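Colleague: only geometry, no sequence info:
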């Protein structure tokens, strides 16, 4: 890499992570919207004489065998498979059974009732509508937060690229001169760039402070950066690149001070 080329590798990796997550959440949001539209049109099963409604829509207490699901439950399961479980990333990200995925999205009790029950009772139908709305709303809340994170990373990258180019040019000039006045001037300019970096750090930290995501698959209260980067080499990629750039500036400044001493 030449003196004036810039590189923000951790930010680039983070942008890839964020964009992938945006793509996934957008697909899931559309899927849950389609799923809810389909289940709205599914009629729940009315209470039938001679059976006992377990209120969960599960197996009749008068039938010792595992009964076959009614048409309503079959339609719900089909709709879920054809929408939520049909998103392009499902196998890579989840690879769950219908029951396991529904339990994750809607809670174990409701997920089990839908996946293994026998009747789509009005109560179960209403609970499913409410749960699917919550799953949709979680994505609607998370998506703008992800988009803001992408914009923040892009803004930091642009500022770092500018500062890094200026610092590299000044560092190169410092190594081509032995003039004390010139070195002092270069050091002053590097000090201004160092201040610019520190401003970028402060801005980024304000953006991160106290920011959290909506509940999504059991991560309620987890910070956005931990949610996105917790499995990576650094949990604050933008700050890591800023620190690396600051180290370079300070190295150039040390050269100026040594050269003039």
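Modeller: It's in. Source: prediction; values computed, not measured.
Colleague: got any ranges where the stretch 151-261 of the chain has weak pLDDT?
Modeller: Along the stretch 151-261 of the chain, the parts satisfying pLDDT under 70 run over 209-222.
Colleague: From the chain's centroid, how far away is the host helix or strand of residue 258?
Modeller: Remark: residue 258 resides in helix 237-260, with elements defined by DSSP states H and E. Mean-position distance between helix 237-260 and its chain equals 32 Å (Cα atoms, centre = their mean, to the nearest Å).
Colleague: which residues of the stretch 51-200 of the chain fall in strands?
Modeller: Counting by DSSP state E, counting those that start in this stretch, no segments of the stretch 51-200 of the chain form strands.
Colleague: Give the other helices and strands that the helix holding residue 258 contacts.
Modeller: Under the contact criterion of 3 or more Cβ pairs under 8 Å, 6 or more residues apart in numbering; DSSP states H and E, the helices and strands touching helix 237-260 comprise helix 9-40, helix 122-174, helix 180-208. C-betas here are computed from N, CA, C, even on glycine.
Colleague: Tell me which of these lies nearest to residue 241.
Modeller: The minimum distance between residue 241 and the helices and strands packed on helix 237-260 falls on helix 9-40, with 4.8 Å, by Cβ to Cβ.
Colleague: hang on, the earlier thing: specify the angle between the helix holding residue 258 and helix 122-174 in degrees.
Modeller: With axes from the mean of the first three to the mean of the last three Cα atoms, to 10 degrees as the criterion, the two stretches helix 237-260 and helix 122-174 enclose an angle of 10 degrees.
Colleague: Could I get the buried residue list for helix 237-260?
Modeller: Going by neighbour count (16 or more other Cβ atoms under 10 Å), the buried part of helix 237-260 is 237-242, 245-246, 248-249, 252-253, 255-256, 259-260.
Colleague: Check stretch 95-104 too.
Modeller: Neighbour-count burial for stretch 95-104 flags 98-99, 101-103 (criterion: 16+ other Cβ under 10 Å).
Colleague: how distant is it from the center of its chain?
Modeller: Using Cα atoms, centre = their mean, the offset of stretch 95-104 from its chain centre is 20 Å.
Colleague: Tell me how far the nearest residue to residue 118 once chain neighbours are set aside lies from residue 16.
Modeller: Taking Cβ to Cβ, 6 or more residues apart in numbering as the measure, residue 118 lies nearest to residue 67, with 4.3 Å between them; neighbours along the chain are not counted. Taking Cβ to Cβ, to the nearest Å as the criterion, residue 67 is separated from residue 16 by 49 Å.
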